[in-house]
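Trainee: 3D model of this:
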Amino acid sequence: MLVLTRKSGPGDQSGVVLVLEDGRRILIQVLECRTHRVQLGIEAPDGVRVDRAEVHERRQARERSS
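Mentor: Have a look, this model is predicted:
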């Protein structure tokens, strides 16, 4: 696991860019930090699914059972 420290808020200092194998990019930004809660903004290309971990796990379980 890669762990990064970023500042919160808009701008270049709060973001991380993931580059997919096909060259498409996903931008993840820390928008706000509160006690026990972090708000992230995610920009992804059309066709790239972005889910919270628990939603992803439920979706995978449904797909395995069908």
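Trainee: where does pLDDT dip in the protein?
Mentor: For the chain, the stretches flagged by pLDDT under 70 are 10-13.
Trainee: quick one: the helices in it, in order.
Mentor: Applying DSSP state H to the chain gives helices spanning 53-65.
Trainee: was I right about Arg6 contacting Leu31?
Mentor: No. Assessed by Cβ atoms under 8 Å, Arg6 is found out of contact with Leu31, at 10.7 Å. In this view, the C-beta of every residue, glycine as well, is placed from N, C-alpha and C.
Trainee: what sits in contact with each of those two?
Mentor: Ser14 (Cβ atoms under 8 Å, 6 or more residues apart in numbering).
Trainee: list the buried residues for the biggest strand by length in the chain?
Mentor: In the chain, with assignment by DSSP state E, the single longest strand is strand 25-34. Of the residues in strand 25-34, 28-30 count as buried by neighbour count, 16 or more other Cβ atoms under 10 Å.
Trainee: list the pairing partners of it within its sheet, with orientation.
Mentor: Its sheet considered, strand 25-34 pairs with strand 15-19 (antiparallel), strand 37-43 (antiparallel) by DSSP bridges.
Trainee: need the ones you listed in a markdown table with mean neighbour count and distance to Glu54, can you?
Mentor: Shown next, in a markdown table, are the strands paired with strand 25-34 (neighbours: other Cβ atoms under 10 Å; distance: least, Cβ to Cβ, whole Å):
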| stretch | mean neighbour count | distance to Glu54 |
| --- | --- | --- |
| strand 15-19 | 12 | 21 |
| strand 37-43 | 11 | 15 |
